[in-house]
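A.B. asks: Just the structure for this:
(chains A and B)
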Amino acid sequence: MNPPDNNADSPLLDALLAGRPLRANASFADRTLARLRAAERDADEHLDTLLSARPVAASARFTEETLARLAATPADQRIDELAAAQPVAAAAAFTDKTLGRVRADSAPTHRQRWIASVAGLAAALVLTFATVVPRQEGPVAATRPALPSADSSFVPDAATDHALSLASGLSDAGMLLDDDSMELLAVLSSDHGI
Amino acid sequence: METPVRSPATEPDSDADLMLSVKAGSEPALRMLIERWKNPLLNFFYRSTRDYGQAEDLAQLTFIKINRAAATYEPTARFSTFLFHVARRLLINEYRKTSRRPLDHVDPSDLQASTDDSSSREVSEIEEAFALALDKLPENHRTALLLFKQQELSYAEIAKAMETTESSVKTWIFRARAELKTQLKELL
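C.D. replies: Next up is the predicted model:
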């Protein structure tokens, strides 16, 4: 392969070497005009694109509303204006007052707090003192609290009755108490009003 | 005096996103919802009850209900539809309660005092007549018209909020307009 001919004619180099200023050749004007026309055409196309764009869409009920307005009498229009009016504005404190009511509504009631605290205390007592017997599929009579039968003459005192209720609730929740735990619950119920 | 209040019902439904934040326990999101919707709700109730205090109470109750319902909220429809569904249920309950309630004894001096308080609102004759005429409409006609014109909900949204069909909504709005036109013919 032949090396590149570094001495090939170059109009610019020739002009510089000859000390002559570079002159535009005959096609310069044509090329410039062509570029100007192309730029103009691009601008026109851009403008057309912008003009033909539809940046917003009419709402679904636009046609319906337009037809209704064409058919509407002044009385209809006045009624629509009145119906659309929003004659009052909320007071400045409205938001804070509303949030206050929302908070009050979300806060637990006294009764809910009492139930939660009693349930929590009972559960804590059971976990601390009592023997928790896992529920078994087999006979569980020995581990169930000895609840009096309907025909029994046994009449529990208030504390024992309360302890039986608690034990029954815990039993329903999946925990069974032995006799010692029952007795302890009865004592706690009596002494501390649990 | 009329206060121009723009309804947010025509804006993109960012309220559903706010409601999901409320569901996650955000109080600032609830505050924003209240700020956006307090005036539309207040005006809806005011037009329906003609009592500013009652309207304010019902608007606050609506937000309490909305907060309660947040835990199970799913954005299956526009928030405005959900909001006015809750608002209308409250309004209907209020009508039922009011209809069972014996007439309150009104002390004439109290009436005078309340008249003085409201005088600043400059209720015009036509406005008063319109409010009275609106009050005489059946609840569903009035609510449909208010949701359509005042809250700018679509027929489909109103139908969903009122648990009915679009054709019923159109009929109710037509009848509401016709009735109002008849009642107000001397003034229009």
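
A.B. asks: Spell out which parts of chain A neighbour chain B.
C.D. replies: A:60-61, A:74-76, A:78-80, A:82-91, A:94-95, A:97-99, A:101-102, A:105-106 (C-beta under 8 Å from any C-beta of the partner chain). (C-beta placed from N, C-alpha, C; glycine too.)

A.B. asks: Mean pLDDT per helix and strand in chain B: which one sits at the bottom?
C.D. replies: Every helix and strand in chain B was compared by mean pLDDT, DSSP states H and E; the lowest is helix B:108-118, with a mean of 45.

A.B. asks: May I have stretch A:59-68 as CSV, with CA atoms only?
C.D. replies: Provided in CSV are the C-alpha atoms of stretch A:59-68 (Å, rounded to 0.1, in the frame of the first residue of the first chain):
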residue,chain,number,x,y,z
SER,A,59,-63.1,16.2,29.8
ALA,A,60,-65.4,13.3,29.3
ARG,A,61,-68.5,15.5,29.7
PHE,A,62,-67.3,18.4,27.6
THR,A,63,-69.6,17.7,24.7
GLU,A,64,-72.5,17.1,26.9
GLU,A,65,-72.0,20.3,28.8
THR,A,66,-71.5,22.3,25.7
LEU,A,67,-74.8,21.0,24.3
ALA,A,68,-76.5,21.7,27.6
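
A.B. asks: excluding its backbone neighbours, what's nearest the residue nearest to the spatial centre of chain B?
C.D. replies: For chain B, the residue nearest the mean C-alpha position is B:Phe44 (2.2 Å; C-alpha atoms, centre = their mean). Leaving aside its sequence neighbours, B:Phe44 sits nearest to B:Leu146 (C-beta to C-beta, 6 or more residues apart in numbering or on different chains; 5.7 Å).

A.B. asks: Same question for B:Pro75.
C.D. replies: Nearest to B:Pro75 is B:Ala16, by C-beta to C-beta, 6+ apart, at 3.8 Å.

A.B. asks: after whichever strand or helix holds that neighbour comes which helix or strand?
C.D. replies: According to DSSP states H and E, B:Ala16 maps onto helix B:15-23. Next helix or strand after helix B:15-23 toward the C-terminus (DSSP H and E): helix B:27-49.

A.B. asks: Please state the mean pLDDT value computed over that following helix.
C.D. replies: Mean per-residue pLDDT for helix B:27-49: 94.

A.B. asks: Buried subset of the residues of chain A next to chain B as a PyMOL selection?
C.D. replies: In PyMOL syntax, the buried subset of those is picked out as below (16 or more other C-beta atoms under 10 Å in any protein chain shown):
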select buried, chain A and resi 75+76+78+79+80+82+83+84+85+86+87+88+89+90+94+95+98+99+101+102
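
A.B. asks: tell me the contacts of the residue nearest to the centre of chain B?
C.D. replies: With contact set as C-beta atoms under 8 Å, 6 or more residues apart in numbering or on different chains, B:Phe44 has these partners: B:84, B:87, B:146-147, B:150-151.

A.B. asks: Considering the residues you listed, which is situated nearest to B:Thr62?
C.D. replies: The closest of the contacts of B:Phe44 to B:Thr62 turns out to be B:Ala87 (C-beta to C-beta; 4.9 Å).

A.B. asks: Please verify my assumption that the closest one contacts B:Leu58.
C.D. replies: Yes: if you go by C-beta atoms under 8 Å, B:Ala87 and B:Leu58 touch, sitting 7.4 Å apart.

A.B. asks: and for those two, which residues touch both?
C.D. replies: Joint contacts of B:Ala87 and B:Leu58 (C-beta under 8 Å, 6+ apart) are B:41, B:45.

A.B. asks: These two: who's more crowded?
C.D. replies: Between B:Ala87 and B:Leu58, counted using other C-beta atoms under 10 Å in any protein chain shown, the more crowded position is B:Ala87 (27 against 22).

A.B. asks: From chain A, how far out is the more buried one?
C.D. replies: The gap separating B:Ala87 from chain A is 14 Å, by C-beta to the nearest C-beta, to the nearest Å.

A.B. asks: What strand or helix carries the residue nearest to that residue when sequence neighbours are not counted?
C.D. replies: Residue nearest to B:Ala87 in three dimensions, not counting chain neighbours: B:Thr62, with 4.9 Å by C-beta to C-beta, 6+ apart. Per DSSP H and E: B:Thr62 is located in helix B:52-69.

A.B. asks: Just give me how far that helix sits from the chain centre.
C.D. replies: 11 Å (C-alpha atoms, centre = their mean, to the nearest Å).

A.B. asks: So for that helix, mean pLDDT?
C.D. replies: 95.
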